[in-house]
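**Q** Sharing a model prediction with you, sequence too.
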Amino acid sequence: MKTLRDYLIEAEERKIAVGHFNISDSEGFKAVVESAQELGVPVIVGVSEGERDFIGIEEVAALVKVEKGKGFPVFLNADHTYSFEKVKKAIDSGFDSVIFDGAKLSLEDNIKITKECVEYRNSKDPSVLVEAEMGYIGQSSKMLDEVPEGVSLETQTKPEEAKRFVKETGIDLFAPSVGNIHGIVKSGEPDLNISLIKEIATAVIIPLVLHGASGNSDEDIKKAIEAGIRIVHINTEIRVAYKEGVEEGVKGEEVAPYKFMAEGLEEMKKVIKNKLKLFNNIA
Ligand SMILES: [Zn+2]
């Protein structure tokens, strides 16, 4: 079976991106997997520290293993992980990729801990991909009244620093700050810095990951993929769709969870399938 690394090489050749969708329960998992299967594309299931605590780290790893066993290209990513210990735990649990998030640390500390993660991966399982990020883009996946404090043009990733960071750490995937923001800004999201994406892609060579793509326009995401983005993260838009669907589902007398939750699942799938079509260039 092809690995995530194989699919990313293919994405680079075809100038498309692999979709990464966050989940925190089995309904979210089902929505992501069914959407990808219906379109016949690979997909990454993401779980942040909070999300993996809720669903269970071993449990989510087992769910993904079942899909892989059936021959479906479903991969598992430990999204935003803030300590070496938790990165280690995810690698030990069989995740396909891990993100050490040291964006809030000094560049030196970020490099130091990221290197520890890469070294551990090398010793434990070289097939696991390690991602790291530079440049703060906020931390919450919800509807926001304004751009989070600490996010500005100043905090966007500098190509020269990115190049040094990637070279010194030996990471496989790089998440830059290019006008993207975690969460959705209600009044509208700032535009992505497409020319900066191109500069960083040329500087670092390895695949780039766009975080916080909820709320960005299809047109902007398309340009970002053309410029070199190979994984796109969506979380907030699925959360909003899920909640709206479940609210509809619980309105009547229905008490069977698989019936009232199904509406949430359908709403999530609509969002996920639209995004997957966009990322994979499917008409
Ligand atoms: Zn993120």
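**A** Great, that's in hand. Numbering: from 1, shown residues only.

**Q** Just the helices from the stretch 101-250 of the chain, written as ranges.
**A** Here the stretch 101-250 of the chain has its helices, by DSSP state H, counting those that start in this stretch, at 107-124, 159-169, 194-204, 218-227, 236-249.

**Q** Using PDB, write out every CA atom in the first one.
**A** It stands for helix 107-124. Once non-C-alpha atoms are left out, helix 107-124 reads as follows in PDB (Å, rounded to 0.1, in the frame of the first residue of the first chain):
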ATOM      1  CA  LEU A 107      13.500  30.000  16.900                       C
ATOM      2  CA  GLU A 108      16.400  28.400  18.800                       C
ATOM      3  CA  ASP A 109      14.100  26.400  21.200                       C
ATOM      4  CA  ASN A 110      11.700  25.500  18.300                       C
ATOM      5  CA  ILE A 111      14.700  24.100  16.400                       C
ATOM      6  CA  LYS A 112      16.000  22.200  19.500                       C
ATOM      7  CA  ILE A 113      12.800  20.400  20.300                       C
ATOM      8  CA  THR A 114      11.900  19.700  16.700                       C
ATOM      9  CA  LYS A 115      15.300  18.100  16.300                       C
ATOM     10  CA  GLU A 116      14.600  15.800  19.300                       C
ATOM     11  CA  CYS A 117      11.300  14.800  17.700                       C
ATOM     12  CA  VAL A 118      13.100  14.000  14.300                       C
ATOM     13  CA  GLU A 119      15.800  12.000  16.100                       C
ATOM     14  CA  TYR A 120      13.200  10.000  18.000                       C
ATOM     15  CA  ARG A 121      11.300   9.300  14.800                       C
ATOM     16  CA  ASN A 122      14.500   8.100  13.100                       C
ATOM     17  CA  SER A 123      15.200   5.700  15.900                       C
ATOM     18  CA  LYS A 124      11.700   4.400  16.200                       C
END
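
**Q** now that helix: how far from the chain's centre is it?
**A** Relative to its chain's centre, helix 107-124 lies at 20 Å (CA atoms, centre = their mean, to the nearest Å).

**Q** Show the contacting residues for the nearest residue to residue 169 once chain neighbours are set aside.
**A** Spatial nearest neighbour of residue 169, chain neighbours left out: residue 114 (4.3 Å); criterion: CB to CB, 6 or more residues apart in numbering. C-betas here are computed from N, CA, C, even on glycine. By CB atoms under 8 Å, 6 or more residues apart in numbering, the residues touching residue 114 are 100, 102, 130, 132, 165, 169, 171.

**Q** Excluding chain neighbours, give the residue nearest to the fifth one in space.
**A** So the one you mean is residue 165. Leaving aside its sequence neighbours, residue 165 sits nearest to residue 134 (CB to CB, 6+ apart; 5.5 Å).

**Q** Could you pull up the residues touching that neighbour?
**A** Applying CB under 8 Å, 6+ apart, we find residue 134 in contact with 103, 107, 110, 157, 161-162, 165, 174-177.
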